[in-house]
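1. quick one: sequence and predicted model below, then my questions.
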Number of protein chains: 2
Amino acid sequence: MKETRQIIIEAAILVFNEDFSAPLEKVADKANITRRTLHRYFKDRNELVTLCEADMQRCCNKAMNMALNSSEEPLEQLKNMLFAAIDCGAKYSFFHKVHNRTDHSHSRQNDNCAEYDDLYTRYRNVILRLQDNGEVSRSLTTEWIYTLFAAVVTATVNAESHGAVAKNSLKQFAWFSFSKGIGI
Amino acid sequence: MKETRQIIIEAAILVFNEDFSAPLEKVADKANITRRTLHRYFKDRNELVTLCEADMQRCCNKAMNMALNSSEEPLEQLKNMLFAAIDCGAKYSFFHKVHNRTDHSHSRQNDNCAEYDDLYTRYRNVILRLQDNGEVSRSLTTEWIYTLFAAVVTATVNAESHGAVAKNSLKQFAWFSFSKGIGI
DNA sequence: AATTTATGTCTCATTTTTGAGAAATTAATC
DNA sequence: GATTAATTTCTCAAAAATGAGACATAAATT
């Protein structure tokens, strides 16, 4: 199994997203391996966290940029961004948390931050175009819309994992609530 | 200062809401006291957590029930519930998390759970009345609307603490997005 | 000012978490 | 079926977090 490494990372993202300081035992449990195995793959907790962040970063960036490239229509772009973020699941929630923590020191020197910035700029342009068209309420700030976006994604992901409703219905609910919620 | 106890609880709610397994040192720092002082007020971590939960429970229940009692109009009730939850801040976020964790074993024997249930029932009736009136979209489930409610509250609280926009504007944004988002 | 009360400092024992070595066990590959 | 690679089990030492005693200080109360 050359994928054990990845299994552990995925498990760690799920666990750390819920409880950042959770003991590594919990990660091992979630990954269905021993803590000893985990330690063979990662030098220490810090390395694991860093690799989780790199993974989230890569996945979310890729998914979101693909969504942005999927169309010229801002409305279509936004919808696909929302769906992409939901598909990223806990990765997106965590990704957003990391870059918006109170203690997070944002710096364009940091590659991850720079990438995040670029993504945010593209997102912002989509919103501004929609506001210019009058398709999105001009009384809302882009920051609020962005906050709402992340909140709806997190809500959808939680609802899915907690799980009564099917994922596809949830996506439809999410788009309905988000789009109406910003005045579309 | 007979309120040190309460200061610590408030600090702990803020810290644990962000990072449930955070070391108590962080709580002490947030409360601007020593860890030694913290330990004089609380037997152990568990007791602190329990008292945090009791506090959240008391505050959120009181605020939400007051909001529900504030009017006979379901729309007005819902709006006041949203504002009340936002005013509760991190307490509401944490309160919601606790009762919706994957590992939370819900039981009506537990007083907190029973109270939570009652609140949920009252909320549900408000939504059902609005759906009967056709004021809220019938295609959305009450569960989704509830999930969205909590998500919008958390988003607003985060936006506030992270802080560019004033609280009152945020409340207006929150109500706009939530109400439109459920089809009002 | 004297006294009570709460908090801080410094210390220490205990527990939990972390990280890794060594041998046994299981799974994969030849 | 033998060999190699990956994982588990058991163990243990180091580090971090927890909880509390003893005394010094600061504060509130009288």
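-> Thanks, I have it. Numbers count the residues shown, from 1 in each chain, chains lettered A, B, ... in the order given.
2. start to end distance for stretch A:24-41?
-> 13 Å (Cα to Cα, to the nearest Å).
3. so is it next to chain B?
-> No. Contact of stretch A:24-41 with chain B is not found when judged by Cβ under 8 Å from any Cβ of the partner chain; the minimum separation is 9.2 Å. Every C-beta, even on glycine, is put in place using the N, C-alpha and C of the backbone.
4. average pLDDT for that stretch?
-> Average pLDDT, stretch A:24-41: 97.
5. buried set for that stretch?
-> A:24, A:26-28, A:30-31, A:33, A:38, A:41 (16 or more other Cβ atoms under 10 Å in any protein chain shown).
6. show me what from chain A comes close to DNA strand C.
-> A:1, A:23-25, A:35-36, A:39, A:43-46 (Cβ under 7 Å from any atom of the strand).
7. out of those, which one sits closest to chain B?
-> Lowest distance from chain B to the residues of chain A next to DNA strand C (Cβ to the nearest Cβ) belongs to A:Pro23, with 7.4 Å.
8. thought the closest one was touching B:Ser21?
-> Yes. Using Cβ atoms under 8 Å, A:Pro23 makes contact with B:Ser21 at a distance of 7.4 Å.
9. picking up where we left off before, so which of the buried residues of stretch A:24-41 is the closest to DNA strand D?
-> A:Ile33 (3.8 Å; Cβ to the nearest atom of the strand).
10. got the contact list for the closest one?
-> A:4, A:7-8 (Cβ atoms under 8 Å, 6 or more residues apart in numbering or on different chains).
11. generate a PyMOL selection restricted to the buried entries among those.
-> Restricted to buried positions by 16+ other Cβ under 10 Å, the PyMOL selection for the contacts of A:Ile33 reads:
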select buried, chain A and resi 8
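12. of the contacts of A:Ile33, just say which sits nearest to DNA strand D.
-> Distances from DNA strand D to the contacts of A:Ile33, taken by Cβ to the nearest atom of the strand, are shortest for A:Thr4, at 3.5 Å.
13. that closest one: what's it in contact with?
-> A:33, A:37, A:41.
14. just the ones of those residues in strands?
-> Counting by DSSP state E, no part of the contacts of A:Thr4 is found in strands.
15. output those as TSV; include the columns distance to A:Leu119.
-> Formatted as TSV, the contacts of A:Thr4 follow (distance: Cβ to Cβ, whole Å):
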residue	distance to A:Leu119
A:Ile33	33
A:Thr37	34
A:Tyr41	29
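16. coming back round to it: with secondary structure as added columns, please give the residues of chain A next to DNA strand C in JSON lines.
-> Putting those into JSON lines (DSSP: H, G, I helix; E, B strand; the rest coil) gives the following:
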{"residue": "A:Met1", "secondary structure": "coil"}
{"residue": "A:Pro23", "secondary structure": "coil"}
{"residue": "A:Leu24", "secondary structure": "helix"}
{"residue": "A:Glu25", "secondary structure": "helix"}
{"residue": "A:Arg35", "secondary structure": "helix"}
{"residue": "A:Arg36", "secondary structure": "helix"}
{"residue": "A:His39", "secondary structure": "helix"}
{"residue": "A:Lys43", "secondary structure": "coil"}
{"residue": "A:Asp44", "secondary structure": "coil"}
{"residue": "A:Arg45", "secondary structure": "helix"}
{"residue": "A:Asn46", "secondary structure": "helix"}
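17. go through stretch A:136-148 and flag the buried ones.
-> Buried, per 16+ other Cβ under 10 Å, within stretch A:136-148: A:136-137, A:140-148.
18. could you dump the residues you listed into JSON lines with pLDDT added?
-> Listed next are the buried residues of stretch A:136-148 as JSON lines, based on pLDDT from 0 to 100:
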{"residue": "A:Val136", "pLDDT": "98"}
{"residue": "A:Ser137", "pLDDT": "97"}
{"residue": "A:Leu140", "pLDDT": "96"}
{"residue": "A:Thr141", "pLDDT": "95"}
{"residue": "A:Thr142", "pLDDT": "95"}
{"residue": "A:Glu143", "pLDDT": "94"}
{"residue": "A:Trp144", "pLDDT": "96"}
{"residue": "A:Ile145", "pLDDT": "97"}
{"residue": "A:Tyr146", "pLDDT": "96"}
{"residue": "A:Thr147", "pLDDT": "95"}
{"residue": "A:Leu148", "pLDDT": "97"}
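19. restrict these to contacts with chain B.
-> A:137, A:140-141, A:143-144, A:147-148.
20. any idea which element the closest residue to A:Arg35 other than its chain neighbours lies in?
-> If the residues on either side of it in the chain are set aside, A:Arg35 comes closest to A:Ala28, at 4.4 Å by Cβ to Cβ, 6 or more residues apart in numbering or on different chains. For A:Ala28, the element it lies in under DSSP states H and E is helix A:24-31.
21. equivalent analysis for A:Tyr120, please.
-> Judged by DSSP H and E, A:Tyr120 forms part of helix A:111-133.
22. how much space separates A:Gly181 from chain B?
-> A:Gly181 sits 4 Å away from chain B, going by Cβ to the nearest Cβ, to the nearest Å.
23. fine by me, we can end here.
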